[in-house]
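1. Would you be able to build a 3D model of this:
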Amino acid sequence: MKNSVGVALVMILVPVALLSNGCATRQDGTDRTEADSRQIGNLVVSGVPPIPAPLQQRLRQYENTRAASVRGWVGEGLIITTRFGQTNQLHRVRTPMGAREQITFFEEPVTQAYPPPGREDGFVYARDIGGSEFYQLFWFDWATAASTMLTDGKSRYSGVVWDRSGEKFAYTTTERNGSNWDIHISNRAGERQIALETEAGAWSALDWSADASKLLVTRYVSINESYVYQLDINTGALQPLLDPALKVAIGPALYSADGKGVYFTSDLGAEFMRLHYLDIASGNIDVLTADVPWDVEELTLAPDGRHLAMTVNENGRSSLAVWRLPERTPLALPDIPTGVIYWLSFSSDSSSLAFSLNRPTAPTDGYSIDLEDRALIRWTRSEAGGLDTAGFTQPELISYPTFDRDQGAPRQIPAYLYQPAGPGPHPVVVSIHGGPEGQYRPYFSATIQFMVNELGIAVIAPNVRGSAGYGKSYLQLDNGVLREDSVKDIGALLDWIAQQPQLAADRVAVMGGSYGGYMVLASLVHYSNRLAAGIESVGISNFVTFLTNTQDYRRDLRRAEYGDERDPAMRQVLEDISPLNHVEKIKRPLLISQGANDPRVPASESEQIRDALSAAGVPVWYILALDEGHGFRKKVNRDYYTAAIMLFLEQYLIR
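-> Next up, the predicted model:
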């Protein structure tokens, strides 16, 4: 199982090979020739005009913003991910605002690092090839700066959790058959133990008991249904910690310091994900955040067991709380800039809490809080391409009424609005998140800032029904046969835009990726007469073909959300709502981007809607990245795609 880092990882590719004559060879051996198809680096492009040099120049600073995300502590310093060059790589920062010392040097991004607690001899990291998401695990040795592959080079490995000694770790893998999510245990030499073989659901390890004899594990069925168990490492016995008859969502779970209980988040008996404490012996459950009307998201416990930290998602923005244990009393914390907080990590001596902070007007940076002094310490200051971040646009949280009612009043859909300077009326881009159980949150986006500040476009990011963060009832409003009700929420947003004098209702485009890409296509099906254009990335064009062709380990998870295409009645519903079956209703130009190695939404989804629209005479710009998966992660590819978006908007929206 142990391999040198030089051994090539096996890559799973969509069966499309670029030929020298610009043809694409399909799986059945037939060719499709596109007169204007051309290759630019690893991008195969059709329909896209040459990018004008002045536009590229205007974009350059925005495209060279940089972020730094915390991945854990090493001694008194941090491991972060940041980009110098084409891809994100791992770096070490030894002191606050110190130099970023690059650790990994690959053409493929490295964004997942798992340093063992209390040790400084090395760490585990994960890396795939070409966006395939078949991550392999590597051990990085600090003394030699050498990496050793610990896994088989072809299966999928994820979710590393170290025991408290830092000697061994648990992880999830599809190694057995490519479909089931099993849990293995390994040491740093790659010597493994099969801890649990599973039959259904997405399984992952959450935490180790203090004596490393037990694991907390979870089985994820859907965003509304999970189960948490205690796994005995020696016997393989699996003990459910909650009544298996309960159909609830369960988030992170951690053993208490004394091992007698478990802290976990769940929507058990409530709309939102609340923090609970389970006494393992008695089965008694205490609700610890009953007065918090939002989701508790991240959860982490200090190594000495004296502090617990959590984040709360308040309408998309984060708040941070740290409790002193066992009293469960909150610490007074320093003021933290408003934004989204993630990747909480206590230092090995439990004295500091590190986290990443992303603000809508500044890229992600690493911070920590000294728990004794209650001081906020900034570790990195990421560049914004030389731009003055004070000139960036802050989004405004708004809501608008939709077609149905909630408790007797029109249901309100939350959204974030980025307004350009000046009275308008401004053209509008409606940015629709993926998931579908995702949520638009006010992250920094250089793309949005360019649209608003350079092109004078207003951007509205709605959280339509089915979005996370607003309670489980809201989350379930688009399930199954209700799928297109979320599309109606976009129609209601178009109604709202028409009532705003500063917005141009006759110049609106829709943009989204993944499930958001489906929403773009569905919006064009239903509202082409009210839209100017669409931009979709890695989108679903037909739910039946998507479910048939997505990777095996994902299929049942997606069936839980969209419906089971094997059921004839459900299959008919899925066919009825699939945009590919209503191409004749799409009248507006479309920009499509796709990664050839996408394991989630296969490239065939983009190809078939491109071909159908082109045959119908609809203008289509198409960008296929041969070295990407579910979205573009390499800077050279992202830069071209971003420039194509802006050119597309200039041509079809701004006019």
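2. Next, count neighbours for residue 84.
-> Per other C-beta atoms under 10 Å, the neighbour tally for residue 84 reads 12. From N, CA and C alone the C-beta is placed, and that goes for glycine too.
3. That one and residue 102 touch, don't they?
-> Yes: the pair residue 84 / residue 102 is scored as a contact, 6.5 Å apart, by C-beta atoms under 8 Å.
4. Which parts of the stretch 351-500 of the chain are strands?
-> For the stretch 351-500 of the chain, strands defined by DSSP state E, counting those that start in this stretch occupy the ranges 352-359, 362-370, 375-378, 396-406, 409-418, 426-432, 458-462.
5. Quick check: which of those is nearest to residue 513?
-> Minimum separation from residue 513 across those (C-beta to C-beta) falls at strand 426-432, 8.6 Å.
6. quick one: average pLDDT of the closest one?
-> Strand 426-432 comes out with an average pLDDT of 98.
7. got it, and stretch 363-380?
-> Averaged across stretch 363-380, the pLDDT comes to 96.
8. what's the first-to-last distance across that stretch?
-> 10 Å (C-alpha to C-alpha, to the nearest Å).
9. Renumber starting at 58 from here on
-> Got it, first residue is 58 now, which makes that one stretch 420-437.
10. Pull out the buried positions in it.
-> 420-426, 428, 434, 436-437 (16 or more other C-beta atoms under 10 Å).
11. quick check, nearest of those residues to residue 343?
-> residue 428 (24.1 Å).
12. Tell me how far that closest one lies from residue 308.
-> Per C-beta to C-beta, to the nearest Å, residue 428 is found 24 Å from residue 308.
13. can you check residue 225 too?
-> 25 Å.
14. so who does residue 439 touch?
-> Residues near residue 439 by C-beta atoms under 8 Å, 6 or more residues apart in numbering: 122-125, 139, 419-422.
15. looking at this protein, which helix or strand is least sure?
-> strand 74-75 (a mean of 34; mean pLDDT, DSSP states H and E).
16. secondary structure element for residue 398?
-> Following DSSP states H and E, one finds residue 398 within strand 397-403.
17. That strand: partners in the sheet, and parallel or antiparallel?
-> strand 409-416 (antiparallel) (DSSP bridges).
18. Next up, the contacts around residue 536.
-> Listed by C-beta under 8 Å, 6+ apart, the contact set of residue 536 reads 523, 618.
19. what's the distance between it and residue 548?
-> 19 Å.
20. what residue ranges in the stretch 408-557 of the chain are flagged as low confidence?
-> For the stretch 408-557 of the chain, no stretch has pLDDT under 70.
21. rewinding a little: is it possible to get JSON lines of the contacts of residue 439 that adds distance to residue 607?
-> Formatted as JSON lines, the entries for those read as follows, by distance: C-beta to C-beta, whole Å:
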{"residue": "122", "distance to residue 607": "32"}
{"residue": "123", "distance to residue 607": "33"}
{"residue": "124", "distance to residue 607": "29"}
{"residue": "125", "distance to residue 607": "33"}
{"residue": "139", "distance to residue 607": "31"}
{"residue": "419", "distance to residue 607": "36"}
{"residue": "420", "distance to residue 607": "32"}
{"residue": "421", "distance to residue 607": "29"}
{"residue": "422", "distance to residue 607": "35"}
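22. Surely residue 431 is in contact with residue 392?
-> No: contact between residue 431 and residue 392 fails when scored by C-beta under 8 Å: they sit 10.5 Å apart.
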